[in-house]
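In: Need the 3D shape of this:
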Amino acid sequence: MHHLQTILKDYYWVFLAIFALMLRQLLTSSPEIVEQYYSRGLFVGIRYFFSWLTFISPIPLIYVFIITALFFLFRRLYLHIRSEHSIIQKIYFSFRTIFNFVAGLVFAFLFLWGFNYQRIPVEKQIGMNPVPLKVTDIKEELDLLTPQLIEARNNISQASTPHFNKTALPTDFEELISSLTQQKLKQLGYPIYANANARFLQPKGILLGINTAGIYFPFVGEPNIDGGLHPITQPFILSHEFTHAYGFGDEGTCNFIAYLACKDSDHPFIKYAGLMGYWRILAVNYKSYYPEKYAAFRANLPQAIINDLDDINQTHDQYPEFFTAFRNMTYNVYLKAQGIDEGMENYNRILMLARAWRLKTDTK
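Out: As a prediction, this is how the structure comes out:
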């Protein structure tokens, strides 16, 4: 019994992580339980706590967490190395510390947010039947969306301006995007009980350098986007990260909510940015099939939109990418580990969701 107690004491984070992983596996076939008792239950309290925590912090908590966690890890390893134990014992204690550290992160991730991956899919919640798109479907959606994009661009007061800067964004930009995201989720049947506070990470390019525009950090409940993002891309990406913060793991779902939230805004620039966010995803997918046809299609767009597309690319290209292949590989593995079989392709699930939404709403 004493030996068992010692093992439990030495590896308590490992046992907690194993328990959480086993529970997640059991709940995979019971999304209704996750939806009711975690996503709309326990996670609500967690969201309240994180809302308070991020509100009182003057700096991004992602930095505070990473620095603090690594400090205690390396301090513990340093103490093991400087101890009077034998070499074998030092190695054993060091590996045990690292093992417990990683296991603690796994448990915290699942408890604080990760179970949201197992909630009821958004299409079931709102009564849609999304299906994979053929290239003809993608082109059809692109053709339908383009006139809306052109109209939205013409409605912006700065329509004659070839380049937008941050002054195009409303002064209460973060609060507005949070409010729009919450409103859209509530309209779809998802009550939101607490706000999330977003951060613009510095230095600029810190996320773009690894081919990422934003990140939700579940250990502190903080949505973050890169401070170097072009203003046109910020509303869509920020709404995407807010959707994560409000309890959604699926990347395609977050893109879908961001699109609906921004495109339905009364603010002309936010509306244009939302349409542009989805338009660019459609365009990239169509281009992957027919690059020459896409080039001809793009060339026939109004010059103002061509300027915006060029400006977005030029702005983001200022920040050279590094470790991109490693990031894509690890994030692909991560998504599959959360039960998202398509991995990185999950981002493109917005294509199915947005088309299904259009077909659903067009019939009303």
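
In: ok, now which ones touch L169?
Out: L169 makes contact with P231, Q234, P235, F269, according to CB atoms under 8 Å, 6 or more residues apart in numbering. For glycine as for every other residue, the C-beta is placed from the backbone atoms N, C-alpha and C.

In: Which helix runs longest in the protein?
Out: helix 87-112 (DSSP state H).

In: Going by neighbour count, which residues of that one are buried?
Out: 90, 93-94, 97, 100-101, 103-104, 106-112 (16 or more other CB atoms under 10 Å).

In: Show me what that helix is packed against.
Out: Here helix 87-112 touches helix 12-27, helix 61-82, going by 3 or more CB pairs under 8 Å, 6 or more residues apart in numbering; DSSP states H and E.

In: next one: the longest one to chain centre, how far?
Out: In terms of CA atoms, centre = their mean, to the nearest Å, the centre of helix 61-82 is set 26 Å apart from its chain centre.

In: same thing with stretch 169-186?
Out: With CA atoms, centre = their mean, you get 16 Å for stretch 169-186.

In: Quick one: mean pLDDT over it.
Out: Stretch 169-186 shows a mean pLDDT of 94.

In: Of all the residues in it, which ones are buried?
Out: Judged by neighbour count using 16+ other CB under 10 Å, the buried positions of stretch 169-186 are L169, F173, E174, L176, I177, S178, S179, L180, T181, Q182, K184, L185.

In: Tell me which of those residues fall in strands.
Out: Taking DSSP state E, every one of the buried residues of stretch 169-186 sits outside strands.

In: Report pLDDT for the closest residue to F219 other than its chain neighbours.
Out: Spatial nearest neighbour of F219, chain neighbours left out: F65 (5.3 Å); criterion: CB to CB, 6 or more residues apart in numbering. pLDDT, F65: 95.

In: how near is F65 to P218?
Out: 10 Å (CB to CB, to the nearest Å).

In: Comparing these two, which residue is more hemmed in?
Out: For F65 versus P218, the count of surrounding residues by other CB atoms under 10 Å is larger for P218: 21 against 14.

In: so that one makes contact with F111?
Out: No. P218 is not in contact with F111 according to CB atoms under 8 Å; the separation is 9.4 Å.

In: before we move on, the earlier item: tabulate the contacts of L169 (CSV), appending pLDDT.
Out: Shown next, in CSV, are the contacts of L169 (pLDDT from 0 to 100):
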residue, pLDDT
P231, 95
Q234, 96
P235, 97
F269, 95
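
In: and which of those is nearest to K360?
Out: P235 (24.0 Å; CB to CB).

In: what about that closest one, helix or strand, and which?
Out: Counting by DSSP states H and E, the element that carries P235 is helix 234-245.

In: Need the three-state assignment for the spatially closest residue to K139 that is not a sequence neighbour.
Out: Using CB to CB, 6+ apart and skipping the chain neighbours, the partner closest in space to K139 is Y286 (5.9 Å). When classified by DSSP: H, G, I helix; E, B strand; the rest coil, Y286 comes out as helix.

In: now do Y216
Out: strand.

In: who does it bridge with?
Out: Per DSSP bridges, the residues bridged to Y216 are P223.

In: returning to that earlier point: which residues sit in contact with the residue nearest to F219?
Out: Contact analysis of F65 by CB under 8 Å, 6+ apart lists F217, F219, V220.

In: ok, of those, which one's closest to L70?
Out: Among the contacts of F65, F219 lies closest to L70 (CB to CB), at 12.7 Å.

In: burial count for the closest one?
Out: Neighbour tally, F219, other CB under 10 Å: 16.

In: I'm done for today, thanks for sticking with me.
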